[in-house]
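Student: Dropping a prediction and its sequence here:
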Amino acid sequence: MILEYMGLLTKHYQVELKGSMTMPSSLEAANVGKAVAARVGTNIREVRTKLGMTQAQLAAPEFSISYISAIERGKIRPSLKALSILARRLDVPLTFLLEGSPAGAAEARAVGYSPADSGPDQKIDVDLLQASVLVQQGAYEEAKELLTPIQAERITTDQVYRLYLLRGQIHLGANEYQEAVVDLRLAVAQAEGLSDSESIERARNLLGKAYFLLYNYTLAMENHLRCNTAIENSQINDPVFALDVYSNLANDYFRLGDLEKAVTFYHRALDMFDGLNRDSKSFAQKYMEISQNYKVVGKLTMARDYAMRSLALYEMRDEQRLVGLTHQRLGKTLEKQNNLDEAEEEYRRAIAIEHDLNDAVSASTCHTSLAELLLKRGKAEEAEKEAQEALTFARASGDAQAHGQALIALAQLRHEAKDYAAADELFTEALNLLDSSHAHEITAGAYFRYANLLEERGEVQRSLNAIKKAYEHQRQGKRGDIE
């Protein structure tokens, strides 16, 4: 079976830890791995030579000649992706390369390549993903139970990497540092087999943490320095990963007594932290940018992973934004019931949520609502402050509707102060913005509000003109509903 192949050749190491502890390797697994690698190499060479194909022809463009040579000599095991490419290029079933013999090469060519059953088990992917979430939640025992049934020899190379990485994280969380070293070294080896620099360094960073917790600060630093090199060479562009590596290196140098370098890396970590906009939107944008970069260079698995992170953050933001706007709408309802104290509380809750999200449009809307309520309560000074906040967020957002509503709030404040010239100027600017926003219901309400204020001032004709504009927007809004 193809899936059985993927974990058979997992290397086992003798891991030397502080205190001279040694973990025995599995000779049996190594021997099985060598046998499978030799069979795969022999079958590839047999088909290639029968086709009159050179190693260079088989290799291009994805692989090097030395890589093909090493496979054919049984020195290395190709990943599932590489094996699929080679099977397709040789036009033989993937199963032949894994289980066949040179004598069956002609029959294999007659059958041809088939991608069937060459993909990863989706249930395993789900289990690994859920285990990752449990690790983030600190539910290490639950994560361990989820991973226990998974057999490394029956899953893909990429899944084996993720399995060992998660096992290492679980051991770290459970203070089982020596066991963490074993699994994280295996994760590094799997990632090296995948030739995936980011996966290698993520496992290496955790491996460095495990050594640090075992008081082996020299090995911790060696691993973290290699991660730092990958960051400096732009092999990894994840700012959160860089922050973790810088912090780890600072800790390593501190424990080794090199305080000058410790200070350097602590500052580097803090500079990285200060350079990040620490809101979910900025992280979502950054992860999407990383995803697009990976897509360009053909690393589609990493591109997918980062795109999923970005999507999850955007979906979380949408849910939080909805909660904030629900508080704002509840406040509006309470305000209509003349329950002003509770309405104000709801507006302030909404503002806190939208500020955390750094959502300029929603924040502006909530500040505008609070400003209008405070004006109604006779708190002109507080209302002015909230209206100015609303205007600042609205301008930052570039949203005409939010901008217009913030200006309406300020215009009402100027009217209340009997500065009618300033009020008219703000109303005119606001209504022009709202006219262009196609938010007909909101615009109609703004015109009605202006009409009432004009009537209070005795400007009947201008009041009638504003009412006409209000009815026009109402009509347009209803027409849009019908369409």
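Tutor: Looks like it arrived, so ask away.
Student: Below-threshold pLDDT in the protein: ranges please.
Tutor: Within the chain, the stretches with pLDDT under 70 are 1-33, 104-121, 275-278, 478-483.
Student: Show me what the helix or strand residue 373 falls within is packed against.
Tutor: Assessed by DSSP states H and E, residue 373 sits inside helix 360-376. Helix 360-376 sits against helix 300-336, helix 340-357, helix 380-397, helix 400-416, with contacts defined as 3 or more CB pairs under 8 Å, 6 or more residues apart in numbering; DSSP states H and E. Bear in mind the C-beta positions are built from the backbone N, C-alpha and C, glycine included.
Student: shouldn't residue 361 be in contact with residue 397?
Tutor: Yes - if you go by CB atoms under 8 Å, residue 361 and residue 397 touch, sitting 4.6 Å apart.
Student: Now do the same contact list for residue 101.
Tutor: 39, 43 (CB atoms under 8 Å, 6 or more residues apart in numbering).
Student: Phi and psi next, for it.
Tutor: phi -140, psi 160 (degrees, to the nearest 10).
Student: Next one: it from residue 307, what distance?
Tutor: As judged by CB to CB, to the nearest Å, residue 101 and residue 307 stand 42 Å apart.
Student: Residue 249: helix or strand, and which one exactly?
Tutor: helix 239-255.
Student: Centre of the chain to that helix, how far?
Tutor: How far helix 239-255 lies from its chain's middle: 21 Å, per CA atoms, centre = their mean, to the nearest Å.
Student: From the contact counts, what lies against it?
Tutor: Checking 3+ CB pairs under 8 Å, 6+ apart, helix 239-255 ends up next to helix 197-213, helix 217-232, helix 259-275.
Student: from the ones you listed, which stretch is densest packed?
Tutor: Counting by mean count of other CB atoms under 10 Å, helix 197-213 has the highest mean neighbour count of the helices and strands packed on helix 239-255, with a mean of 23.
Student: Now tell me what touches that helix from outside.
Tutor: 161, 164-165, 168-169, 171-172, 175, 177, 180-181, 184-185, 187-188, 190-192, 217, 219-224, 226-227, 230, 235-236, 238, 241, 244-245, 248, 251-252, 255, 302.
Student: now do 6 Å
Tutor: Here helix 197-213 makes contact (CB atoms under 6 Å, 6 or more residues apart in numbering) with 161, 165, 168, 177, 180-181, 184, 187-188, 191-192, 219-220, 223-224, 226-227, 230, 235-236, 245, 248.
Student: Likewise for stretch 124-134?
Tutor: Contacts of stretch 124-134 (CB under 6 Å, 6+ apart): 142, 143, 146, 147, 155, 159, 162, 166.
Student: before we move on, back to that, ok, and for the helix holding residue 373, which residues are buried?
Tutor: Across helix 360-376, burial judged by 16 or more other CB atoms under 10 Å covers 360-375.
Student: Common neighbours of residue 361 and residue 397, please.
Tutor: Joint contacts of residue 361 and residue 397 (CB under 6 Å, 6+ apart) do not exist.
Student: hang on, the earlier thing: can you dump the C-alpha coordinates of the helix holding residue 249 into CSV?
Tutor: What follows is helix 239-255, C-alpha atoms only, in CSV (Å, rounded to 0.1, in the frame of the first residue of the first chain):
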residue,chain,number,x,y,z
PRO,A,239,7.2,37.7,12.0
VAL,A,240,5.7,35.7,14.9
PHE,A,241,8.3,32.9,14.3
ALA,A,242,11.1,35.5,14.1
LEU,A,243,9.9,37.0,17.4
ASP,A,244,10.0,33.6,19.1
VAL,A,245,13.5,32.8,17.7
TYR,A,246,15.0,36.2,18.8
SER,A,247,13.5,35.7,22.3
ASN,A,248,14.9,32.2,22.5
LEU,A,249,18.4,33.3,21.4
ALA,A,250,18.4,36.0,24.0
ASN,A,251,17.5,33.5,26.7
ASP,A,252,20.3,31.2,25.4
TYR,A,253,22.9,33.9,25.6
PHE,A,254,21.8,35.0,29.0
ARG,A,255,22.2,31.5,30.4
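Student: Run the angle between it and helix 259-275 for me.
Tutor: 160 degrees (axes from the mean of the first three to the mean of the last three CA atoms, to 10 degrees).
Student: Now find how far off-centre stretch 242-256 is within its chain.
Tutor: For stretch 242-256, the distance from its own C-alpha centre to the chain's C-alpha centre is 24 Å (CA atoms, centre = their mean).
Student: Tell me which residues are up against that stretch.
Tutor: Residues contacting stretch 242-256 (CB under 6 Å, 6+ apart): 205, 208, 217, 220-221, 224, 227-228, 231, 261-262, 265-266, 268-269, 272-273.
Student: Counting neighbours, which bits of stretch 167-185 end up buried?
Tutor: Judged by neighbour count using 16+ other CB under 10 Å, the buried positions of stretch 167-185 are 167-173, 176-185.
Student: Distance from the chain centre to that stretch, please.
Tutor: The chain centroid and the centroid of stretch 167-185 are separated by 25 Å under CA atoms, centre = their mean.
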